[in-house]
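Visitor: From the sequence below, what's the structure:
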Amino acid sequence: MDAAEVEALFTRDDGTYLCARWGRPLVPIVFGVEDATLSVVKGAFEAVCAMSGHKMAEHDPELGANVMVFFFRDWDELLELPDLGRMIDGLPAMVARLQAEGATQYRVFRFDRDGAIKAAFVFLRMNASLSQMPAEDLALAQVAQVMLTWGNGAFASRSPLGRLEDGRVVLRPEIGAVIRAAYDRVMPSAAMDPSHALRLAARMGLS
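Guide: Residues are numbered from 1 along each chain as shown. Modelled structure (predicted):
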């Protein structure tokens, strides 16, 4: 993957560039699943954090939990959740837009003063297609997409996952390399200059 391809992963629809990583340990909480699936999602977080060199924690001193993952059948269900409207500005309008688009997933990020990610909300509408995905694959894909502020089209045509010859599904090597490079200590927590992609590509070569 060259610098131009890396840059494309973090370029928005309006042409702006943004690559931000987490500035604090991840503390995930999952809603709408059984205990067995909960352990699968937590395992995916642990695996990707271990790969990237980032950390997890039991408690965020400011927020309690800083990654909230919601599984549901219909977008309207979000409007019935207590206090979610206070955490997500413009929740009714967001729900109406996602319903009109037929969206199955959406992510909302919050950032600290340095531009690093401090919180994320992951919404998954479990339609027939997502419901057929093995829980392990779905969890891994979602965790990979919450580790950085990927551009809108980063995974529009190709999943962050790949399949090994033995049938196992794993994170695509080049995507794993981008995540590891972004979490290198010499890299900034957030960058809006496309030249950042050159540095990422260089770190990927070193790793």
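Visitor: pLDDT wise, what is the residue positioned nearest the centre of the chain at?
Guide: When the chain is reduced to its mean C-alpha position, the closest residue under CA atoms, centre = their mean turns out to be residue 146, at 1.3 Å. Reading off the per-residue confidence, residue 146 sits at a pLDDT of 97.
Visitor: what are the phi and psi values for it?
Guide: For residue 146, the backbone dihedrals are phi -100, psi -10 (criterion: degrees, to the nearest 10).
Visitor: Leaving out sequence neighbours, find the closest residue to it.
Guide: Nearest non-adjacent residue to residue 146, counting by CB to CB, 6 or more residues apart in numbering: residue 120, 5.0 Å away. Bear in mind the C-beta positions are built from the backbone N, C-alpha and C, glycine included.
Visitor: Confirm for me that the one you found is in contact with residue 108.
Guide: Yes: in this structure residue 120 lies within contact range of residue 108 using CB atoms under 8 Å: 6.9 Å.
Visitor: neighbour-wise, which of the two wins?
Guide: In this comparison of residue 120 against residue 108, neighbours counted by other CB atoms under 10 Å, the higher total goes to residue 120 at 20 against 15.
Visitor: Now do the contacts for the more buried one.
Guide: With CB atoms under 8 Å, 6 or more residues apart in numbering as the criterion, the residues that contact residue 120 are 66, 67, 68, 107, 108, 109, 110, 146.
Visitor: Buried only: go through these for me.
Guide: When the contacts of residue 120 are checked for burial by 16 or more other CB atoms under 10 Å, the buried set is 66, 67, 68, 109, 146.
Visitor: what's around the closest residue to residue 57 other than its chain neighbours, how many residues?
Guide: Among residues not flanking residue 57 along the chain, residue 25 sits closest, at 3.8 Å (CB to CB, 6+ apart). By the criterion of other CB under 10 Å, residue 25 has 14 neighbours.
Visitor: So residue 25 is in contact with residue 53, correct?
Guide: No: look at residue 25 against residue 53 with CB under 8 Å: they stay out of range, at 11.9 Å.
Visitor: so what sits against both of these two?
Guide: With CB under 8 Å, 6+ apart, residue 25 and residue 53 have no common neighbours.
Visitor: Mind checking what helix or strand follows the strand or helix carrying residue 143 in sequence?
Guide: Residue 143 is located in helix 135-146, with elements delineated by DSSP states H and E. Toward the C-terminus, helix 135-146 is succeeded by strand 161-163 as the next helix or strand (DSSP H and E).
Visitor: neighbouring strands for that following strand, and are they parallel or not?
Guide: Sheet neighbours of strand 161-163, with direction, are listed as strand 169-171 (antiparallel) (DSSP bridges).
Visitor: Quick check: chain neighbours aside, which residue is closest to residue 46?
Guide: With CB to CB, 6+ apart as the criterion, residue 46 has its nearest non-adjacent residue at 6.5 Å, and that residue is residue 56.
Visitor: Now do residue 94 against residue 106, distance only.
Guide: 8 Å (CB to CB, to the nearest Å).
Visitor: tally of neighbours for residue 149?
Guide: Residue 149 has 21 nearby residues by other CB under 10 Å.
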